[in-house]
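Q: Please find the sequence and the predicted model below.
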Amino acid sequence: MSFNGRTRTQANRRVTRHVRWLVMSCLAVAPFAAFGQSPGLRVGGDVKSHANSVLAIMSYTTVPDVTTSSLSINNGSTGNPGFWQTQLGGGFTLSRSFPLYLEGTLAYSRYDPTFVASDGTEHRTLPVRWNTLSTTVGIGWDIRLADELVLRPILNGSVGRVASDLRIGETLVNRAADVNLQFLENGALNAYGLGGSLMLDFEHYREAYEIDVELRLTDIHLHSFGGSSAGVQGSANAQQLSLWSRWRAPTGLRALDRPVRYVLEAAYSQYFGDSAGVLGFNNLTSLGVGLELDSSKYPVVVTRTRLMARYVFGHNVQGVSLGFAMSF
């Protein structure tokens, strides 16, 4: 399990904390564009396209991924976060003799687009907050291809809820009988997702060093159901190819009667389908370095503790983080 700490963005600093059984990273970044505007007694844009966009953004939280586990993107005009998310999750295999694999994630995100409502003469800016809470579970089976190499097919299921907490004046609401506006004011959208993943997991452990490599392909289809408005429906595909790797080796120092290890980490994620480009990038890369203490000699739950610094970058996106991780 890991605890991630401080994220530094280009426009502001914020503290993000999250817990995860896998190694995490924080990201910071680049300008975030608001949705379009349209004249008339309506809110700009089409509510279905906005619902699709929200589900597309939710797709970032449905897949365990070191590059987006904690993500903050700033609005270029205000300097405030236009999108923010954090995730808790992990996975494990029961045993080598019964290689059932289980995983799960719990994620929260906030998306702050800006809409404009107009009655033909007066225009009002509506700063919206769409809050999303979602969870994904997975069950798989380890197919051992070699002593240190496992092929792992996984069946995934997701469920989430998107809710708007916009507070609009009653006068404006009454004058603009628009399904877009009705949804924006305290509207809600539920979503479920079904799909699967295929993971190739390589673990090469020696006394002098340890190598972990995971290659994962994920495809989960998200679809809305049971929203507060029948006119608000959406769908999105979470499609992602990710590669994560880690090298650990002794530094020559000792603590807690065990070697102190240095840790090198690299991760790359490529997004496809509706996930591609929705936040302004199609891929992210994370590079990390840190130190690890081994407490396995003592009768404690925590066996290893890591302090990691990471640099994350992509198209128009870059950031740094300081992470704190624990293994059990």
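A: Received it, and whenever you're ready, just let me know what you need.
Q: which sections of the stretch 1-150 of the chain are below the confidence cut-off?
A: Using pLDDT under 70 as the threshold, the predicted model of the stretch 1-150 of the chain has low-confidence ranges 1-51, 66-82, 112-128.
Q: what about the helices in the stretch 151-300 of the chain?
A: When assigned using DSSP state H, counting those that start in this stretch, the helices of the stretch 151-300 of the chain occupy the ranges 170-175, 179-184.
Q: how far away is the closest residue in space to Glu210 that isn't next to it in sequence from Gly273?
A: With sequence-adjacent residues excluded and distances taken as C-beta to C-beta, 6 or more residues apart in numbering, Glu210 is closest to Arg248, at 4.4 Å. In short, each C-beta sits where N, CA and C put it, glycine included. In this view, Arg248 and Gly273 are 34 Å apart by C-beta to C-beta, to the nearest Å.
Q: Comparing those two, which residue is more hemmed in?
A: Set side by side, Arg248 and Gly273 show more neighbours around Arg248, with 21 against 16, by other C-beta atoms under 10 Å.
Q: so the more buried one touches Val260, yeah?
A: No. Judged on C-beta atoms under 8 Å, Arg248 makes no contact with Val260 at a distance of 10.6 Å.
Q: joint contacts of these two?
A: In the contact map built from C-beta atoms under 8 Å, 6 or more residues apart in numbering, the residues linked to both Arg248 and Val260 are Glu292.
Q: Would you mind confirming that Leu222 makes contact with Val162?
A: No. Counting by C-beta under 8 Å, no contact exists between Leu222 and Val162, whose distance comes to 10.6 Å.
Q: Please put the alpha-carbon coordinates of the longest strand along the chain into CSV.
A: Taking DSSP state E as the assignment, the strand of the chain that covers the most residues is strand 235-255. Coordinates of each C-alpha in strand 235-255 appear next as CSV, following Å, rounded to 0.1, in the frame of the first residue of the first chain:
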residue,chain,number,x,y,z
SER,A,235,-21.5,6.3,-22.7
ALA,A,236,-17.7,6.0,-23.0
ASN,A,237,-15.0,3.4,-23.6
ALA,A,238,-12.0,3.2,-21.2
GLN,A,239,-9.2,1.8,-23.4
GLN,A,240,-5.7,1.9,-22.2
LEU,A,241,-2.3,0.2,-22.8
SER,A,242,0.1,0.7,-19.9
LEU,A,243,3.7,-0.5,-19.1
TRP,A,244,5.1,-0.2,-15.5
SER,A,245,8.6,-1.3,-14.4
ARG,A,246,10.6,-1.1,-11.2
TRP,A,247,14.3,-1.9,-10.3
ARG,A,248,15.4,-2.3,-6.7
ALA,A,249,18.9,-2.9,-5.4
PRO,A,250,20.9,-2.5,-2.2
THR,A,251,22.7,0.8,-1.7
GLY,A,252,25.4,-0.7,0.6
LEU,A,253,23.8,0.9,3.7
ARG,A,254,21.8,-1.0,6.3
ALA,A,255,18.9,-0.1,8.5
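Q: follow-up on the earlier one: which of the helices of the stretch 151-300 of the chain comes out lowest on mean pLDDT?
A: When the helices of the stretch 151-300 of the chain are ranked by mean pLDDT, helix 170-175 comes last with a mean of 43.
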